[in-house]
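Student: next comes the sequence, and after it the predicted model I'd like to discuss.
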Amino acid sequence: MFRRATLSVPKIVVTLALLLVSIAAVITPTHASPTTPGRTAPSSPDGRCSGMTSSPRIGASPGATLAAASNADLNAELDLARDAGLFSVRVDIDWSTIERNRGQFDWTNTDRVLAAVVAHGMCPLGVIAYTPQWARVPEAMGDSHSRPADPNVYAAFARTVVTRYRDHMNLWEIWNEPNIVGFWKPKPDVAAYSIMLRAAYQAIKQVQPASTVLSGGLAPATDNGTNMNPKSFLSAMYQLGANKYFDAFNVHPYTYPWLPNDPSTQEWSTAFALWPMRDTMVAGGDAGKQIWLTEFGAPTGTASNAVSEQVQADSIVIVMDAVLGNAWIGPSYVYSLRDAGTNLADPEQNFGLLRRDFTPKSAYGRVAAFTGAYS
């Protein structure tokens, strides 16, 4: 994922007319709910999973590590997440692997992970994302991180997902980091994303009206013709009226190797940009909506942009304190729970609160202390 702190440039203006494309109703078959032998999931999502409470809540965003874990490692990781007081785990619901062939669904691994999260007493946040080859735009056929060719087909899958899991979860995120080319090929397109968001939001609410639907978490980026700055992306969404189709806005305020509150970074920092983005929402009539942070954190290790374990812990605490001090900042998810590998030179393998061998870094104890004090 894109995490490098960069400078922002002027906003991109997107025509309002593009959002007025009509979206057909989506109808999909129902499916059985996930089960795991020996475990009984609750009949409805826990009250803490409603998404809108005033108390500060911290979750974990493990990325792909949970899906790849053995049952033993999955349960060990979730044991430690629960013991740290984390209320929620963000889980990829990967369309590209579930429906590789149109109309043929393989829920096996997704069921396994979601059932384990629920069995540990935590709320799953489902990220509905990534396009199977048969549904991609022609310009990006080789990458699941391309946008769907038809927003209604994506919405149909979202409806199928929510129908399947509605008795166990009610937090949904529509895509991941659609403001950068790494996750929205061939290039970010606010209008196209807004149309898809609208279709998915309407489909989800038809199945689960009380659910909380988040916009896709935006990555740090610049307006450089390839990627879009989160502030620009949000402003364009409001110009298009797309704010009607999320219950909370969502951003990933990475700033490493700098601390999130380093005053020298105000020109470009995504963390400092939370306040201007809040202003955009208030001006657009959305003072009652929160900004969720479904990824934040910093990598340890030996890479040039890595930080020490102490700085990682300090970075995470600074963001958690901002959650505590600002009621408009909603639940926030540390990326990630456990290191993805053991190569200290690769920052992507070293975001965990836990090392690969499950031993805790300094940040794990700091998170546990925070949740213990404010839960």
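Tutor: Structure's in. What do you need?

Student: which SS class is the closest residue to residue 120 other than its chain neighbours?
Tutor: Closest residue to residue 120 apart from its sequence neighbours, by C-beta to C-beta, 6 or more residues apart in numbering: residue 78 at 4.5 Å. (Glycine included, C-beta is placed from N, CA and C.) Three-state assignment for residue 78 (DSSP: H, G, I helix; E, B strand; the rest coil): helix.

Student: test my guess that residue 78 contacts residue 114.
Tutor: No - between residue 78 and residue 114 there is no contact under C-beta atoms under 8 Å: 11.2 Å.

Student: mind checking pLDDT for residue 374?
Tutor: Looking at residue 374, its pLDDT stands at 79.

Student: list the contacts for the closest residue to it other than its chain neighbours?
Tutor: Distances taken as C-beta to C-beta, 6+ apart put residue 56 closest to residue 374, at 5.3 Å, once the chain neighbours are dropped. Neighbour list for residue 56: 320, 323, 324, 332, 374 [criterion: C-beta atoms under 8 Å, 6 or more residues apart in numbering].

Student: and what of residue 109?
Tutor: Counted by C-beta under 8 Å, 6+ apart, residue 109 has contacts 67, 97.

Student: all strands for the stretch 151-300 of the chain, in order.
Tutor: Secondary structure of the stretch 151-300 of the chain, counting by DSSP state E, counting those that start in this stretch: strands at 171-176, 212-217, 249-250, 291-296.

Student: CA atoms only: put the last one into PDB for me.
Tutor: Spelled out, that is strand 291-296. Provided in PDB are the C-alpha atoms of strand 291-296 (Å, rounded to 0.1, in the frame of the first residue of the first chain):
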ATOM      1  CA  ILE A 291     -14.000  10.300  10.000                       C
ATOM      2  CA  TRP A 292     -12.900   6.700  10.600                       C
ATOM      3  CA  LEU A 293      -9.200   5.700  10.300                       C
ATOM      4  CA  THR A 294      -9.200   2.100   9.000                       C
ATOM      5  CA  GLU A 295      -5.400   2.000   8.800                       C
ATOM      6  CA  PHE A 296      -2.800   3.900  10.700                       C
END
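
Student: name the residues of the next helix or strand after it that are buried.
Tutor: Scanning forward in sequence from strand 291-296 by DSSP states H and E, the next helix or strand is helix 309-325. For helix 309-325, burial by neighbour count (16 or more other C-beta atoms under 10 Å) applies to 309, 311-320, 322-323.

Student: then stretch 264-274?
Tutor: So stretch 264-274, judged by 16+ other C-beta under 10 Å, has buried residues 265, 268, 269, 270, 271, 272, 273, 274.

Student: then stretch 141-158?
Tutor: Using 16+ other C-beta under 10 Å as the test for burial, stretch 141-158 gives 144-149, 151-158.

Student: and that stretch, how far from the chain's centre?
Tutor: 17 Å (C-alpha atoms, centre = their mean, to the nearest Å).

Student: from start to finish, how long is it in a straight line?
Tutor: Using C-alpha to C-alpha, to the nearest Å, one end of stretch 141-158 lies 21 Å from the other.

Student: list of residues touching it?
Tutor: For stretch 141-158, contacts defined as C-beta under 8 Å, 6+ apart pick out 23-24, 26-28, 94-96, 98-99, 128, 130-133, 135-140, 172, 174, 178, 182-186, 189, 192-193, 195-196, 198-200, 202-204.

Student: show me how to select, in PyMOL, the buried members of those.
Tutor: Restricted to buried positions by 16+ other C-beta under 10 Å, the PyMOL selection for these reads:
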select buried, resi 26+28+94+95+96+98+99+128+130+131+132+135+136+137+140+172+174+178+182+183+184+185+189+192+193+195+196+198+199+200+202+203+204
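
Student: so of the contacts of stretch 141-158, which ones are in helices?
Tutor: 95-96, 98, 192-193, 195-196, 198-200, 202-204 (DSSP state H).

Student: now, among those residues, which is nearest to residue 234?
Tutor: The shortest approach to residue 234 among those belongs to residue 193, at 11.5 Å (C-beta to C-beta).

Student: for that closest one, which non-adjacent residue is closest in space?
Tutor: residue 178 (4.6 Å).

Student: pLDDT wise, what is residue 16 at?
Tutor: Reported pLDDT for residue 16: 33.

Student: returning to that earlier point: now tabulate the strands of the stretch 151-300 of the chain in CSV and tack on distance to residue 338.
Tutor: Putting the strands of the stretch 151-300 of the chain into CSV (distance: least, C-beta to C-beta, whole Å) gives the following:
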stretch, distance to residue 338
strand 171-176, 19
strand 212-217, 20
strand 249-250, 23
strand 291-296, 15
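
Student: which SS state does residue 124 fall under?
Tutor: Reduced to three states by three-state DSSP, residue 124 is strand.

Student: who does it form a beta bridge with?
Tutor: Counting by DSSP bridges, residue 124 forms beta bridges with residue 89.

Student: burial of it, as a residue count?
Tutor: 26 (other C-beta atoms under 10 Å).

Student: what's the answer for residue 276, then?
Tutor: 13.
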